[in-house]
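1. Take this sequence and fold it.
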Amino acid sequence: MPSITIWNRIEPRSRALDLKPGLEARVHDPLWLLARQWQVGEFEARDAGSPVAAAVQCAVTPLDRYSISGQAAQAYDGREPIESLVERETVRPADASADLRQAAEAGLYFARLLSAAGLPPAISASYVARYALSVPPVSDPDMRAIAGVVAGRVIDGIRLHADLVAAGTALPALPAISQDQRDAVLRVTRDWLSWYGSLFNESAQDGWSPDRMEYRFTMAAAADPGSYVAQEYDGGSVDWYTFDRSQAQLSGGPTSGTPPSTVAKRLVATPVTFRGMPARRFWELEDAAANIGLLSAAAEDLGRLLLREFALVYGNDWFQFPLPLPIGSRAAIGSLSVTDTFGITTAIPHYTAVDGALGKWRMFAVTQDTPSSVPLELILTPSAVAPNDSAAIEDVLLLRDELSDMVWGIERTVAGASGQPLDRTLAWRTAAPPAPPPSGDPVPQYRLGSTVPDYWLPFLPVAANPGSPLQLRRGKLPTSATGPLSRMLGYPGLTMFLEEVPREGVHLERRYRAARGLDGSAYLWIGRRRSTGRGEGRSGLRFDFLE
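-> Numbers count the residues shown, from 1 in each chain. The predicted structure follows:
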């Protein structure tokens with residue numbers, strides 16, 4: 001039986017060699033498409049032009065003074081990163097027993113300078129005999145390993161530094177240097193002191209608040225009736241949101257400063273772009289790494305709904321104006337006017353002038369101690385750009401133990417006497433005696449209390465004064481022979497506020513930090529950082545039990 005078979009198919013590929021017709025995306029009935037666009041209201045004009053240029057006038061004043069922890073204000077020239085000034089602490093120890101590696105390396109460098117100056121080996125030998133590095137007997141395996149190499153054979157750089165500083169512009173009386181070689185040795189000591197003095201950026205002023213476990217500092221500009229206070233700086237990096245605006249003036253510091261300078265700039269508008277935003281061109285491929293359309297949101301999740309609507313509907317309605325300003329300054333915006341594609345210039349008021357006293361929008365504004373006043377200011381903090389942090393030389397974990405009703409400070413890593421980080425967990429397990437075999441006596445033994453590792457430091461809730469809130473005071477276990485070895489928990493009579501240790505706990509770290517200033521100078525200091533802990537813990541401490 002004859003039959004006719006017909007196939008109809010639509011292929012997304014062109015059989016012709018020319019790809020131009022496919023890329024044109026032609027419409028079969030353009031009149032119908034235009035009518036549908038008119039019907040759904042896509043042609044309704046809003047008489048809104050896109051911004052093209054902006055004119056900004058502002059008064060720029062450099063931040064020329066700072067104060068750490070309520071201390072006297074000091075002058076600030078803006079070249080050094082503010083993190084270095086706030087976080088720095090003492091790095092050079094008082095004697096070699098606190099940092100054997102630093103003492104040995106400083107002494108070896110002094111010996112190399114003597115050799116490079118062409119001085120006889122007898123002079124270097126006399127300094128070794130006078131400042132021989134001595135190491136007391138310790139249990140630290142790293143300390144013993146280094147001591148076996150350098151003890152008695154290397155100059156103690158810390159003792160040498162103390163004697164050279166005490167001698168001033170002359171040489172110490174010992175070792176005795178002949179008169180014809182005294183000038184050459186004196187030049188070597190000056191070079192060595194300059195090197196050793198520029199090695200670390202340190203200060204005797206400790207900006208860390210041990211009771212709050214944070215830094216507090218203030219910055220201000222000349223003729224500023226107020227100041228900018230960093231109430232809770234946890235370490236890391238300083239940015240504009242680190243500060244709160246205070247009406248209290250920062251007294252002291254330089255008597256005069258740089259007056260405000262008026263800056264007038266005309267800027268070109270650029271569209272705001274972000275990952276996952278809809279493409280502006282018809283054939284442009286969008287970024288597949290961020291699919292905002294798949295962002296799920298419930299009916300009551302207003303934050304996600306607003307984010308998705310902004311990104312997908314109004315994302316192309318936002319523009320930005322790059323305003324270059326000097327680092328380490330405050331800029332008070334005087335006026336902002338925008339010129340659109342129709343040539344119309346519109347003055348843009350601050351949002352507080354539009355919203356009035358009832359407006360709660362405060363994004364990108366520094367928090368005020370008096371909410372009624374909101375300055376039209378921008379702060380460009382003189383912070384370090386991508387500082388390099390070393391591994392933690394101190395690692396401390398604070399956690400709550402609800403069963404024992406106390407807080408524990410766990411010193412996981414401390415700065416060892418050898419100059420290297422010391423793992424206290426490993427040291428305690430290595431020094432612990434082997435566990436005895438289980439007793440065959442069926443009679444249980446009474447125990448007054450269980451043991452806890454000596455690197456677990458108890459903090460007990462106490463009342464500092466009658467009627468005052470509870471605080472956490474550091475105690476000591478009866479079985480602990482060392483007590484705190486870290487600098488962060490080693491403050492005499494350390495007391496912390498109870499609210500500073502939440503249920504999540506607190507993680508504290510001390511690290512070497514290196515960064516460059518605006519003039520390219522290198523800065524090396526030790527800073528601390530506070531972050532969220534790992535939740536609650538259990539020490540296993542118990543009293544009055546049988547085993």
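2. Can you show me the CA trace of the biggest helix by length in the chain as CSV?
-> Assignment by DSSP state H gives helix 179-197 as the longest helix of the chain. Taking Å, rounded to 0.1, in the frame of the first residue of the first chain, the C-alpha atoms of helix 179-197 are listed here in CSV:
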residue,chain,number,x,y,z
GLN,A,179,93.4,53.2,70.4
ASP,A,180,94.2,52.7,66.7
GLN,A,181,91.3,50.4,66.2
ARG,A,182,88.8,52.2,68.4
ASP,A,183,87.3,54.3,65.7
ALA,A,184,86.7,51.4,63.3
VAL,A,185,85.1,49.3,66.1
LEU,A,186,83.0,52.4,67.0
ARG,A,187,81.7,52.7,63.4
VAL,A,188,80.8,49.0,63.5
THR,A,189,78.8,49.4,66.7
ARG,A,190,76.9,52.4,65.3
ASP,A,191,76.0,50.4,62.2
TRP,A,192,75.0,47.4,64.3
LEU,A,193,72.8,49.6,66.6
SER,A,194,71.1,51.2,63.6
TRP,A,195,70.4,47.7,62.1
TYR,A,196,69.1,46.3,65.4
GLY,A,197,67.0,49.4,66.1
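3. Average pLDDT for that helix, rounded please.
-> Averaged across helix 179-197, pLDDT comes to 93.
4. Low-confidence bits of the stretch 251-400 of the chain, can you list those?
-> Residue ranges of the stretch 251-400 of the chain with pLDDT under 70: 253, 255-257, 283, 357, 370-375.
5. Try it again at 90.
-> Of all residues in the stretch 251-400 of the chain, those with pLDDT under 90 make up the ranges 251-261, 272-318, 321-323, 332-334, 341-343, 349-379, 385-386.
6. same check, this time on the stretch 101-250 of the chain
-> 134-153, 169, 173-174, 179, 198, 203-207, 221-226, 231, 236, 245-250.
7. about what we covered before: the longest helix of the chain - contacts with which helices or strands?
-> helix 100-116, helix 157-167 (3 or more Cβ pairs under 8 Å, 6 or more residues apart in numbering; DSSP states H and E). In this view, the C-beta of every residue, glycine as well, is placed from N, C-alpha and C.
8. any idea which helix or strand comes after it?
-> The C-terminal neighbour of helix 179-197 among helices and strands, as given by DSSP states H and E, is strand 208-209.
9. What is that following strand packed up against?
-> Using 3+ Cβ pairs under 8 Å, 6+ apart: strand 208-209 touches strand 214-221.
10. Mind listing what's buried along the helix or strand hosting F459?
-> Following DSSP H and E, one finds F459 within strand 456-463. Neighbour counts over strand 456-463 (16 or more other Cβ atoms under 10 Å) mark W456, L457, P458, F459 as buried.
11. ok, L306 to S178 distance?
-> 82 Å (Cβ to Cβ, to the nearest Å).
12. do R447 as well
-> From R447 to S178 the distance is 70 Å (Cβ to Cβ).
13. before we move on, the earlier item: quick one: the longest helix of the chain to helix 157-167, angle?
-> Interaxial angle of helix 179-197 relative to helix 157-167 (axes from the mean of the first three to the mean of the last three Cα atoms, to 10 degrees): 110 degrees.
14. so how far is helix 179-197 from its chain's centroid?
-> 38 Å (Cα atoms, centre = their mean, to the nearest Å).
15. Would you state the helices of the stretch 251-400 of the chain in chain order?
-> With DSSP state H, counting those that start in this stretch applied, the stretch 251-400 of the chain shows helices at 302-312, 351-355, listed in chain order.
16. Number of residues surrounding A176?
-> 10 (other Cβ atoms under 10 Å).
17. To A184, which of the helices of the stretch 251-400 of the chain lies closest?
-> helix 351-355 (68.6 Å; Cβ to Cβ).
18. Which elements pack onto that closest one?
-> Secondary elements touching helix 351-355 (3+ Cβ pairs under 8 Å, 6+ apart): none.
19. domain ranges for this structure?
-> 54-86+209-272+318-380, 100-197, 388-432+444-546 (automatic domain parsing).
20. What distance separates the opening and closing residues of the first one?
-> So the one you mean is domain 54-86+209-272+318-380. Counting by Cα to Cα, to the nearest Å, you get 21 Å between the two ends of domain 54-86+209-272+318-380.
21. returning to what we had before: wait, which of the helices of the stretch 251-400 of the chain is closest to M496?
-> Taking Cβ to Cβ, helix 302-312 is the member of these nearest to M496, at 34.5 Å.
22. residues making contact with that closest one?
-> Taking contacts as Cβ atoms under 8 Å, 6 or more residues apart in numbering, the residues outside helix 302-312 that touch it are F274, G276, M277, P278, I292, G293, L295, S296, A297.
23. Just among those, which is most surrounded?
-> With neighbours taken as other Cβ under 10 Å, the top of those is M277, carrying 19 neighbours.
24. I'd like the distance from that residue to G505, if you could.
-> Where G505 is concerned, M277 sits at a distance of 39 Å (Cβ to Cβ).
25. what's stretch 187-194 in contact with?
-> Contacts of stretch 187-194 (Cβ under 8 Å, 6+ apart): Y109, F110, L113, L114, A117, L119, H161, L164, V165, L171.
26. Chain neighbours aside, what residue packs nearest to the fifth one?
-> Of all residues not flanking A117 in the chain, V188 sits nearest, at 5.3 Å (Cβ to Cβ, 6 or more residues apart in numbering).
27. What subset of the contacts of stretch 187-194 is buried?
-> Buried by 16+ other Cβ under 10 Å: Y109, F110, L113, L114, L119, H161, L164, L171, out of these.
28. Would you mind listing the two of the residues you listed that lie farthest apart?
-> The widest separation within the buried ones among the contacts of stretch 187-194 (Cβ to Cβ) is 19.3 Å, between L119 and H161.
29. Arrange the helices of the stretch 251-400 of the chain in JSON lines, one row each, with mean neighbour count and distance to W408 as further columns.
-> JSON lines is the format used below for the helices of the stretch 251-400 of the chain (neighbours: other Cβ atoms under 10 Å; distance: least, Cβ to Cβ, whole Å):
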{"stretch": "helix 302-312", "mean neighbour count": "13", "distance to W408": "37"}
{"stretch": "helix 351-355", "mean neighbour count": "13", "distance to W408": "47"}
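30. Make a markdown table from the ones you listed and add distance to I410 to it.
-> Below are the helices of the stretch 251-400 of the chain laid out as a markdown table (distance: least, Cβ to Cβ, whole Å):
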| stretch | distance to I410 |
| --- | --- |
| helix 302-312 | 37 |
| helix 351-355 | 47 |
